[in-house]
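Peer 1: I need the structure of the sequence given here:
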Amino acid sequence: MTEYAALTRTAAPARPTLGERVRQLRIARGLTQTDLAGDRFSKEYVSQIERGKTRPTAETIEWLATCLGVDATFLEIGVSSSERQRVESVIARAEASVEQGEYADAVEALDRLAPALATVAAPELELRALLVTAWARLYLGEVRRAIEDLDRGRAISEGPSFSDIDRAEVLFRLGTCRYKLNSITSALALYTQSLELVERSGMPADRLRSHILGWRSRCYRRQRDWEAAREDIERALELAEGLNDRRSMANAYFQASLVAERTGHWVLARSHAEKARSIYEELRDQSNVGKLLNEIGALNFQLGRPEDAVSYLKESFKVLLDVGDDIDAARVISSLAQVHLRTGQVELAEEQARQALDMLHDREDHLDEIGNAQLVLGRALLEQDRLDEAEEALDASEASFDQLSSISHRAEAWIAQGDLVARRGDDRQAAKHYRRAAAALQDFHF
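Peer 2: Here you go, the predicted model:
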């Protein structure tokens, strides 16, 4: 259980009931039940309220609060409206921080808020806080802690005061955590279940629909089901455009670019990437601008423009370092290593692959990039005839891709291992690696 979840679950002692608060406040002001009832109620009615035998109307609560000199919200739930507003304001600021990519600030603010939130005891505010802190932790690499928060949020959302949209939001974010942990089948099921809840609700939630479809498209892409990936991302983009939601449009164009790239449509992929970059620049989202520069650099290399590719990648690296996004900066270094490997600069490729691995810090939510960097390192060492070192790097790459549960990634490692044993003169073993990779890739959708 996270510190935040523990506080919100255990910090608040049992609070007096409405009737008990009426009695305490009445006695504190030296009033009898008859005095409080005045000409409006009978003494017996006040007694019933204090003993919890009847629930007064909102109008009666307002009247009693005035007589007792307190805020009506305090009389009803034990917390003043000003305190509730303060808690809600902090949550809203944390939500805004997450939108701006200031994840550590959001987590810090909500951890400080936890005792006050427990005192307010408002399930709808607790759910909002859990959703935002989980999303922030996700991007800080604290994925399992994010899941703990979302499991708590899922339990809260099952209450009768919450809608299918609330439950869909929780499942969507749980799906994203599972995606980050490379549990692609689980993530796909959660996204589909979330989408079904949205459709069942009959409520307007096109922004959430767009987000679910965009992330589900990533799952299909990982499974190499390109048609399903393309259909989902096109629907996501259509919904975002209908809302004129610029950030959701940029996210959809980014993912559409990746789908187009994986299917060999590099010019279309670059067009989508440029559109996404333009919107992110409009939103002053430098982190995503940096990521798009990385993507555009890779596409320029595919289009036979290695010098342009290196220029874009260096710009991307600078932007990402400036905003403190070290993980995505490591991705850029890995991309540069691949470019230099393919252009014959194997020593530089080795140096950059090692630098990328140092920056990634064994992050379990970035196994794909770790495996890719290990693969580039292995190939760079292979080209330098440092075969034992190359074998170690390629075995590490296969192990990373094995955790990733991605056959297509593992096939790349097997091909590289085949090249390694072929260099050692073992053609029979090399052929086994190549056949293994070819057989695995035949099982995928193209």
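
Peer 1: who are the packing partners of the strand or helix carrying residue 390?
Peer 2: Element membership of residue 390, judged by DSSP states H and E, is helix 387-404. Packing partners of helix 387-404 (3 or more Cβ pairs under 8 Å, 6 or more residues apart in numbering; DSSP states H and E): helix 367-383, helix 407-423. For the C-beta atoms, the positions are set from N, CA and C on the backbone; glycine is no exception.

Peer 1: would you format those helices as CSV with distance to residue 331, mean neighbour count and mean pLDDT included?
Peer 2: Shown next, in CSV, are these (distance: least, Cβ to Cβ, whole Å; neighbours: other Cβ atoms under 10 Å; pLDDT from 0 to 100):
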stretch, distance to residue 331, mean neighbour count, mean pLDDT
helix 367-383, 5, 25, 94
helix 407-423, 15, 20, 90
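
Peer 1: so can I have a markdown table of the ones you listed showing distance to residue 37?
Peer 2: Output for the helices and strands packed on helix 387-404, formatted as a markdown table (distance: least, Cβ to Cβ, whole Å):
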| stretch | distance to residue 37 |
| --- | --- |
| helix 367-383 | 69 |
| helix 407-423 | 75 |
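
Peer 1: helices of the stretch 51-200 of the chain, start to end?
Peer 2: Taking DSSP state H, counting those that start in this stretch to define them, one finds helices in the stretch 51-200 of the chain at 58-68, 72-77, 81-99, 103-120, 123-139, 143-157, 164-180, 184-201.

Peer 1: show me the one of these that comes nearest residue 21.
Peer 2: Of all the helices of the stretch 51-200 of the chain, helix 72-77 sits nearest to residue 21, with 6.0 Å by Cβ to Cβ.

Peer 1: for that closest one, which helices and strands make contact with it?
Peer 2: When contacts are defined as 3+ Cβ pairs under 8 Å, 6+ apart, helix 72-77 packs onto helix 18-28, helix 58-68, helix 81-99.

Peer 1: okay, buried residues for the last one please.
Peer 2: I take that to be helix 81-99. Buried positions in helix 81-99, judged by neighbour count with 16 or more other Cβ atoms under 10 Å: 83, 84, 87, 88, 90, 91, 93, 94, 95, 97, 98.

Peer 1: not counting its neighbours along the chain, what's nearest the fifth one?
Peer 2: Closest residue to residue 90 apart from its sequence neighbours, by Cβ to Cβ, 6 or more residues apart in numbering: residue 113 at 4.9 Å.

Peer 1: what's the burial count for the one you found?
Peer 2: Here the count is done by other Cβ atoms under 10 Å, and residue 113 has 24 residues near it.

Peer 1: and it, what is it in contact with?
Peer 2: If you count contacts by Cβ atoms under 8 Å, 6 or more residues apart in numbering, residue 113 has them with 87, 90, 91, 94, 129.

Peer 1: what of residue 334?
Peer 2: When the contact criterion is Cβ under 8 Å, 6+ apart, the partners of residue 334 are 352, 353, 356, 369, 372, 373, 376.

Peer 1: what's the spacing between residue 198 and residue 210?
Peer 2: 11 Å (Cβ to Cβ, to the nearest Å).

Peer 1: same thing with residue 109?
Peer 2: Separation of residue 109 from residue 210 (Cβ to Cβ): 27 Å.

Peer 1: so these two - more neighbours on which side?
Peer 2: Between residue 109 and residue 210, counted using other Cβ under 10 Å, the more crowded position is residue 210 (25 against 19).

Peer 1: I am finished for the moment; much appreciated.
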